[in-house]
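Trainee: Have a look; sequence and predicted model below, questions after that.
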2 protein chains.
Amino acid sequence: MVKLAIDIMGGDHAPLEIIKGVDIALERFPDLEFTLYGDAGIIKERLKAAERVKVVHAPEKIDMGEKDPISAVRRNRETSLVKAFQSVRDGETAGAVTAGPTQGVVAAAHLIVRRIKGMKRTALCPNLPDLDGKTRLLLDVGANLELRSEHILQLAQYATIYLRETRDIDRPLVGLMNVGTEPGKGRELENEAYALLSANPLVNFHGNVEGKEILSTPCDILITDGYTGNMIMKAFEGTVRAVGGFFKTEIKKSFASKIGYLFMKGVFNKFKKKFSADEIGGATLFGVDGVIVKAHGSSDGYAFSNAIAQARRTVLGNVIEKMKKVIAEEGIGLE
Amino acid sequence: MVKLAIDIMGGDHAPLEIIKGVDIALERFPDLEFTLYGDAGIIKERLKAAERVKVVHAPEKIDMGEKDPISAVRRNRETSLVKAFQSVRDGETAGAVTAGPTQGVVAAAHLIVRRIKGMKRTALCPNLPDLDGKTRLLLDVGANLELRSEHILQLAQYATIYLRETRDIDRPLVGLMNVGTEPGKGRELENEAYALLSANPLVNFHGNVEGKEILSTPCDILITDGYTGNMIMKAFEGTVRAVGGFFKTEIKKSFASKIGYLFMKGVFNKFKKKFSADEIGGATLFGVDGVIVKAHGSSDGYAFSNAIAQARRTVLGNVIEKMKKVIAEEGIGLE
């Protein structure tokens, strides 16, 4: 059985959609077992499942609009998020899933679950939208604004193991985000990282990838520092929003395009879904000693069950144990 | 009269579309006077205008596919690009317009035209697409991968003067690209730049701007280092390309959406035009001692005439002289 802790109180549509997500996941995966952290009254009232679920009453939460979620985590150890992560730390569960505020999740993971020994940095890693049927990971999108080249290498190794074990991609192709494709492009960081990634036997290195290739590159993994990753992710989000707004405005302007829209409604709905930040928002936190999946804040039940599925695969793939082995072999833990 | 040097040989559609652009510009602006650098035979054959034009035979060019345009500039001082920039350096013209390869243009500007005295860095500055009717500048997109906070301040001052003098925006609003809007977010660079921008009387500072706001922020100027600006610009470009590809594929999938497309063709054409990198590709190089406008490589005649118009406005606005005055007053030239 895969044991996961679920933060019922985190997310824009918590607790109801999160509870729904738990029910969906229990139906989808018979090997799951949950400990739910949240308002026990509401959970008991709303949860359909009666088996494979334990409930721990933890009604306090970090507000989604909380200006300083990091302090909130430090201040209050009674929140559902902190309690769920404590169960991972204590080995009661193998991982936790939450739709709580990103910075709070990252902070709580560092403070409570802690980094894998020898792992120098963590990374927040969402999937980019799979327009061409190919899943691409982008990391780091903000766990660490700045990374050194050896951090980039270690995170690329983690991402390689993660994809190999959870998606059956034998030798995932790794690309380094850069301002040009030729070797020698970029800052000192990119040049150093290029050399390290090229030389490492575990990493199947493709070379540099430009920003315009994020949705079309043959790479499975796109790696950069957290500042840059955040900018790429949000520039994507802002562009999609602007495109959506453009079509909305333009379609309203003429009768013909209103008619056209009726014929194409399905295409536009698919566009909205495929390019939505909500769809791509589920992110795994690489490098902590427990599986942590951060579902998008606006997750509905189904989206949350997908985040649970992601945590389940990561646990079943023994990703963390395999990374620990790499760290031990390479001695990269010996700082 | 505004005297400009034109590189006839740079660009994917050079020399014919560039020559067309010259003709269009001469018709649009009676105060323009050109010196054209390129193949004199072709120019004489194709150029319609007979007045306000001087031709200098300079048939050599930097290939658009040139892998190392910077060396090409150093190696060959006989190219049309280098010759055009020399005329700016020698004061024969007030500025130059080229559709040649970006890195070659930036290198040639540094080597030949040189930085304004006291200006510590340059920046390549395109307009973002004006979806909501508002023009926004993004800089730097790659002239300098790394910038210090005092460079950011100086470039923000330049951009402020540029918009004030060329677009009649009295106090352009400046935003600092960052991972969050609250003060204190970001790297050391952003924190230092935030303090400098807040304190400077010339800069009308808005605060931090996230990547998702690039096309909707109230700011007129978005400032960041060249590595980040390049990533933002290209992530935008890649997203637009992916959206375009998505619609193309999806529309073909059903008869209804094909019909819908016929009704909405105008909207899709406008989308293509509005979001095209070609439309936004014209960039001014801030900080060199002469007006340098880099038109998009794929410019047609009309697009090139727009780049000329941009150079003309910058000359007429006395942007460089006004920046020199700021440098002298602030003593920021005294390193």
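Mentor: Perfect, thanks for sending it.
Trainee: When you work out contacts or count neighbours from here on, use the C-alpha atoms and nothing else.
Mentor: Will do.
Trainee: Could you give me the buried positions within stretch A:315-328?
Mentor: A:315, A:317, A:319-320, A:323-324, A:326-327 (16 or more other Cα atoms under 10 Å in any protein chain shown).
Trainee: Mind checking the pLDDT average for it?
Mentor: For stretch A:315-328, mean pLDDT is 96.
Trainee: contacts for that stretch?
Mentor: Residues outside stretch A:315-328 that contact it (Cα atoms under 8 Å, 6 or more residues apart in numbering or on different chains): A:2, A:94-95, A:116-119, A:157-158, A:161-162, A:165-166, A:287, A:289-291, A:333.
Trainee: List only buried entries from the residues you listed.
Mentor: Buried, going by 16+ other Cα under 10 Å: A:2, A:94-95, A:116, A:118-119, A:157-158, A:161-162, A:165-166, A:287, A:289-291, out of the contacts of stretch A:315-328.
Trainee: Narrow these to those in helices?
Mentor: When DSSP state H is applied, the buried ones among the contacts of stretch A:315-328 are split such that A:157-158, A:161-162, A:165-166 fall in helices.
Trainee: I'd like the residues you listed as a markdown table, with pLDDT appended.
Mentor: Below are these laid out as a markdown table (pLDDT from 0 to 100):
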| residue | pLDDT |
| --- | --- |
| A:157 | 97 |
| A:158 | 97 |
| A:161 | 97 |
| A:162 | 96 |
| A:165 | 95 |
| A:166 | 93 |
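Trainee: On the three-state scheme, residue A:322 is what?
Mentor: Under DSSP: H, G, I helix; E, B strand; the rest coil, residue A:322 falls in the helix class.
Trainee: Look up how far chain B lies from it.
Mentor: 32 Å (Cα to the nearest Cα, to the nearest Å).
Trainee: Show me where chain A has its helices.
Mentor: Using DSSP H, the helices of chain A run over A:16-28, A:40-46, A:69-75, A:80-89, A:102-108, A:149-167, A:188-199, A:226-253, A:255-275, A:277-280, A:301-316, A:319-330.
Trainee: The last one vs helix A:149-167, what angle?
Mentor: It stands for helix A:319-330. Interaxial angle of helix A:319-330 relative to helix A:149-167 (axes from the mean of the first three to the mean of the last three Cα atoms, to 10 degrees): 140 degrees.
Trainee: so helix A:319-330 versus helix A:301-316, what angle?
Mentor: Using the same axes, to 10 degrees: helix A:319-330 against helix A:301-316 is 40 degrees.
Trainee: Report the distance from helix A:319-330 to the chain centre.
Mentor: From the chain centre to the centre of helix A:319-330 is a distance of 21 Å (Cα atoms, centre = their mean, to the nearest Å).
Trainee: and if you look at the first one?
Mentor: Helix A:16-28 has its average C-alpha position 19 Å from the chain's average C-alpha position, going by Cα atoms, centre = their mean.
Trainee: Identify each buried residue in that helix, please.
Mentor: A:16-26.
Trainee: Residues touching that helix, excluding its own?
Mentor: Helix A:16-28 is touched from outside by A:8-9, A:11, A:32-33, A:43, A:46-49, A:52, A:299-306, A:308-309, with contacts defined as Cα under 8 Å, 6+ apart.
Trainee: Including distance to chain B, could the ones in helices among the buried ones among the contacts of stretch A:315-328 go into CSV?
Mentor: CSV is the format used below for these (distance: Cα to the nearest Cα, whole Å):
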residue, distance to chain B
A:157, 24
A:158, 24
A:161, 27
A:162, 25
A:165, 28
A:166, 26
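Trainee: Which one of the residues you listed is nearest to residue B:206?
Mentor: Closest approach between those and residue B:206, by Cα to Cα: residue A:158, at 39.1 Å.
Trainee: rewinding a little: and the helices of chain A: which comes nearest residue A:208?
Mentor: Across the helices of chain A, closest to residue A:208 is helix A:188-199 (Cα to Cα), at 7.8 Å.
Trainee: neighbours around residue A:61, how many?
Mentor: Using other Cα atoms under 10 Å in any protein chain shown, residue A:61 has 23 neighbouring residues.
Trainee: ditto for the one 5 residues further on
Mentor: By other Cα under 10 Å, 12 other residues sit near residue A:66.
Trainee: re earlier: name the stretch among the helices of chain A that sits most buried.
Mentor: Each of the helices of chain A was assessed for mean neighbour count using mean count of other Cα atoms under 10 Å in any protein chain shown. The highest is helix A:80-89, with a mean of 26.
Trainee: helices or strands up against that helix?
Mentor: Packing contacts for helix A:80-89, counted by 3 or more Cα pairs under 8 Å, 6 or more residues apart in numbering or on different chains; DSSP states H and E, involve strand A:2-7, strand A:32-38, strand A:95-98, helix A:102-108.
Trainee: looking at chain A, which helix or strand is least sure?
Mentor: Of all helical and strand segments in chain A, the minimum by mean pLDDT, DSSP states H and E falls on helix A:277-280, at a mean of 60.
Trainee: How is chain A divided into domains?
Mentor: In the assignment given by automatic domain parsing, the structural domains of chain A cover A:1-119+A:287-335, A:126-277.
Trainee: How much space separates the residue nearest the centre of chain A from residue A:22?
Mentor: For chain A, the residue sitting closest to the mean C-alpha position, by Cα atoms, centre = their mean, is residue A:283 at 0.6 Å. In this view, residue A:283 and residue A:22 are 18 Å apart by Cα to Cα, to the nearest Å.
Trainee: which residues sit in contact with the closest residue to residue A:212 other than its chain neighbours?
Mentor: With sequence-adjacent residues excluded and distances taken as Cα to Cα, 6 or more residues apart in numbering or on different chains, residue A:212 is closest to residue B:238, at 3.7 Å. Applying Cα under 8 Å, 6+ apart to residue B:238 gives the contacts A:211-215.
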